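Visitor: Give me a model of this one.
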Amino acid sequence: MRMQQIILDTVPICIIMIVNKKQVWANKKMEEIFQYQKEDFKNQTTRFLYPSQEAYEKFHDESYPPMAAGHTFESIQELVRRDGTHIFVRFYGKAVAPPDMEQGTIWILEDITERKQSEEQIKKSLHEKEILLKEIHHRVKNNMDIISSLLSLQASTSQNKQLQEMLIDGQHRIKAMAMVHEKLYRANNTAEIDFSDYVETLVSDLILSYNKMGDKFTVSLKLSKITLDIDTAIPCGLIIGELVINVLKYAFVGQTCGGMEVSLDSTDENCQLKVKDNGVGFFKNFDYSNAKTLGLQLVEELTEQLKGKLTIQSMPDIEIGTEINLVFPLKAERGQLYESK
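Guide: I've put the predicted structure just below:
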């Protein structure tokens, strides 16, 4: 018997027995945690451990029905020590002879205050980090908007038509990247964005800037809901921008109407992007890997960064227009667009 008492007093948890809502026995750990003597507990209710009468009654109303049914009741409660400090305690309760609650209940109490405080500190740190990341994305987006505005201003004052087009294209590349940061800033998740929503916004923005056929140009968007991280979203967004701009600038030369389809889909491992038009198509034996335009060079470099595969089909291989497919892994170690020399 003495050995059992030594064991019960040595364990690092509180063990108590309650009969008719009064404590009839407790081990030594109960004294250590709550700073009361055994005499203070014996034949007393545990009301004085609760911050309010309401909290005390609520706990008993919640705990007794499941214990009467033979179940173990588990709960975390905020209790009060003798010196007034609040602690968090995990309760495990079991009836001695359910459903007869008059036979008493056995309780195990574990002080989890330090763990709770650590969890709260981690949550606070994560929240502060999230706020910081949002602020960084916001500032990056604002800085890119300034650069975009400067390019637009430079284009509007230039008399050189070719230079104007280059500046406007550069402006839209900046806006495509800025849009990723804006989506991250506004999203609840600062690590990933809803890429389908991003593509819809990007394509709409480019059509407003480059479409010269008005309502005679039609666009079909078939976008599955996909989330991408920033390292994937920016290069993929730039690729979409280049492909859509290319369609709007060159696919319908000499035509008065046309259409384009942009689709986005994914499997468990890969993401597939398709940009298709019904325009004039590329010239025969066109090889995009040897293209000298900045836009297609960017597409090739960015495809390598995504560790993806790009295929281009044009007339006469397909019935009409051009179809460009990009397939890239959703999870991969991304390369860098520019290597330091």
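Visitor: Going by C-alpha atoms from here, please, whenever you check contacts or count neighbours.
Guide: Fine.
Visitor: can you give me the strands for the stretch 201-341 of the chain?
Guide: 217-223, 227-229, 258-266, 270-277, 309-314, 322-329 (DSSP state E, counting those that start in this stretch).
Visitor: Tabulate those strands (CSV), appending mean neighbour count and mean pLDDT.
Guide: Formatted as CSV, the strands of the stretch 201-341 of the chain follow (neighbours: other CA atoms under 10 Å; pLDDT from 0 to 100):
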stretch, mean neighbour count, mean pLDDT
strand 217-223, 15, 94
strand 227-229, 18, 89
strand 258-266, 18, 94
strand 270-277, 20, 94
strand 309-314, 17, 88
strand 322-329, 19, 93
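Visitor: Throw those strands into CSV and include distance to Phe252, thanks.
Guide: Shown next, in CSV, are the strands of the stretch 201-341 of the chain (distance: least, CA to CA, whole Å):
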stretch, distance to Phe252
strand 217-223, 10
strand 227-229, 32
strand 258-266, 7
strand 270-277, 9
strand 309-314, 14
strand 322-329, 11
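Visitor: Of those strands, which is nearest Ala178?
Guide: strand 227-229 (14.4 Å; CA to CA).
Visitor: Which other helices and strands does the closest one contact?
Guide: strand 192-194, helix 195-210 (3 or more CA pairs under 8 Å, 6 or more residues apart in numbering; DSSP states H and E).
Visitor: Could you point out which of these sits nearest Leu49?
Guide: Among these, the nearest to Leu49 by CA to CA is strand 192-194 (45.5 Å).
Visitor: what's in contact with the closest one?
Guide: Contacting residues not belonging to strand 192-194 are listed as Val180, Lys183, Leu184, Ala187, Lys225, Ile226, Thr227, Leu228, Asp229, Ile230, Ala233 [CA atoms under 8 Å, 6 or more residues apart in numbering].
Visitor: Pick out whichever of those sits closest to Trp25.
Guide: Distances from Trp25 to these, taken by CA to CA, are shortest for Ala187, at 53.9 Å.
Visitor: Next up, the contacts around that closest one.
Guide: Ala187 neighbours (CA under 8 Å, 6+ apart): Ile193.
Visitor: for the one 4 residues further on, same thing?
Guide: Residues touching Ala191, when contacts are defined by CA under 8 Å, 6+ apart, comprise Leu184, Asp229, Ile230.
Visitor: ok, now Gly258?
Guide: Gly258 touches Lys216, Phe217, Thr218, Phe252, Asp277, Asn278, Gly279, counting by CA under 8 Å, 6+ apart.
Visitor: could you say which helix or strand contains His60?
Guide: helix 53-68 (DSSP states H and E).
Visitor: After the worst-scoring helix or strand of the chain on mean pLDDT, which helix or strand is next? Please name it.
Guide: Lowest by mean pLDDT, DSSP states H and E among the helices and strands of the chain is helix 2-10, with a mean of 72. Using DSSP H and E, the helix or strand that follows helix 2-10 in sequence is strand 14-19.
Visitor: Could you pull up the mean pLDDT of that following strand?
Guide: Throughout strand 14-19, pLDDT has a mean value of 91.
Visitor: for the protein, what's the longest helix?
Guide: For the chain, the longest helix by residue count, based on DSSP state H, is helix 113-157.
Visitor: how much distance is there from that helix to the middle of the chain?
Guide: 14 Å (CA atoms, centre = their mean, to the nearest Å).
Visitor: Next: stretch 311-328.
Guide: That offset, for stretch 311-328, works out to 34 Å (CA atoms, centre = their mean).
Visitor: Name the residues that touch that stretch?
Guide: 251, 270-282, 284, 303, 306-310.
Visitor: how far does that stretch stretch from start to finish?
Guide: With CA to CA, to the nearest Å as the measure, stretch 311-328 spans 12 Å from end to end.
Visitor: and Val319, backbone torsions?
Guide: Quick fix: residue 319 is Glu, not Val. phi -60, psi -40 (degrees, to the nearest 10).
Visitor: any idea how far Val280 is from it?
Guide: From Glu319 to Val280 the distance is 11 Å (CA to CA).
Visitor: In terms of neighbours, single out the busier of these two.
Guide: Val280 (19 against 10; other CA atoms under 10 Å).
Visitor: thought that one was touching Lys249?
Guide: No. Look at Val280 against Lys249 with CA atoms under 8 Å: they stay out of range, at 11.6 Å.
Visitor: Look at the residue positioned nearest the centre of the chain and report its pLDDT.
Guide: Central residue of the chain (CA atoms, centre = their mean): Asn189, 3.3 Å from the mean position. For Asn189, the model assigns a pLDDT of 72.
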